[in-house]
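*Asks:* just need the structure, nothing else, for what follows:
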Amino acid sequence: MRRLLDLVYMLSGALAALSILAICLLVSAQVALNILARLGGPSLSWTIPSYADFAGYLLAAASFLALAPTFRHGTHIRVNLVVSRLGAGQGWMLELFALCVAGAAMAYATWYAGALMLESLHYGDKSTGMIAVPIWIPQVVMVAGLALLSVAIFDRLVESLRAHRPVLSDDVTE
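*Replies:* Model prediction:
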């Protein structure tokens, strides 16, 4: 199970990175088309339809898909000021509490993001750009990212319970 979860986290991070790459390629292509239009005049004026919308969807995908891998690698911003002043037992209890609260909050967010996505699917919501994209498509990536973060938090909670000590403060790069 550990290998499968680590593989899923890695694939999510890779998809986030590919989303950033796609944004770079999309925006660069539009910039090149703008330069071509400036140099060649109106006859060479082209645009990528809804490129700003697609860049926004890709940015959302990158943001949400990167949540779980960054959490697992310990690269989210954390305030260790309180935990560093506590003893091992108290630090562990605080970590368990924080992981429970964070896991519940992410499960709640996932549930309601999923409900929003299903509502968009039910009503056939579409974007308002030149290319009308069904809104549930980018929303499903958001739900997947939130769900994977929920799994990562509960995964870390199980690790902490098994270790009987705080694991969030470990400098583990998996």
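*Asks:* got the phi/psi numbers for residue 126?
*Replies:* Comment: the main-chain dihedrals of residue 126 come out as phi -130, psi 160, following degrees, to the nearest 10.
*Asks:* check contacts around it.
*Replies:* With contacts taken as Cβ atoms under 8 Å, 6 or more residues apart in numbering, residue 126 has the following neighbours: 132, 133, 134, 135. C-betas here are computed from N, CA, C, even on glycine.
*Asks:* how far away is it from residue 68?
*Replies:* Noted for residue 126: a distance of 29 Å to residue 68, by Cβ to Cβ, to the nearest Å.
*Asks:* now the longest helix belonging to the chain: buried residues?
*Replies:* Counting residues, the longest helix in the chain under DSSP state H turns out to be helix 2-40. Of the residues in helix 2-40, those buried by neighbour count under the rule 16 or more other Cβ atoms under 10 Å are 9, 12, 13, 15, 16, 19, 22, 23, 26, 27, 30, 33.
*Asks:* what's the following helix or strand after it?
*Replies:* Following helix 2-40 in sequence order, the next helix or strand is helix 51-65 (DSSP states H and E).
*Asks:* neighbouring contacts of that next one?
*Replies:* 12-13, 15-17, 19-20, 22-23, 26-27, 29-30, 48, 127, 129, 131, 133, 137-138, 141-142, 144-146, 148.
*Asks:* per-residue pLDDT, residue 173?
*Replies:* pLDDT, residue 173: 41.
*Asks:* in which helix or strand would I find the closest residue to residue 150 other than its chain neighbours?
*Replies:* Distances taken as Cβ to Cβ, 6 or more residues apart in numbering put residue 106 closest to residue 150, at 4.1 Å, once the chain neighbours are dropped. Using DSSP H and E, the secondary-structure element containing residue 106 is helix 88-123.
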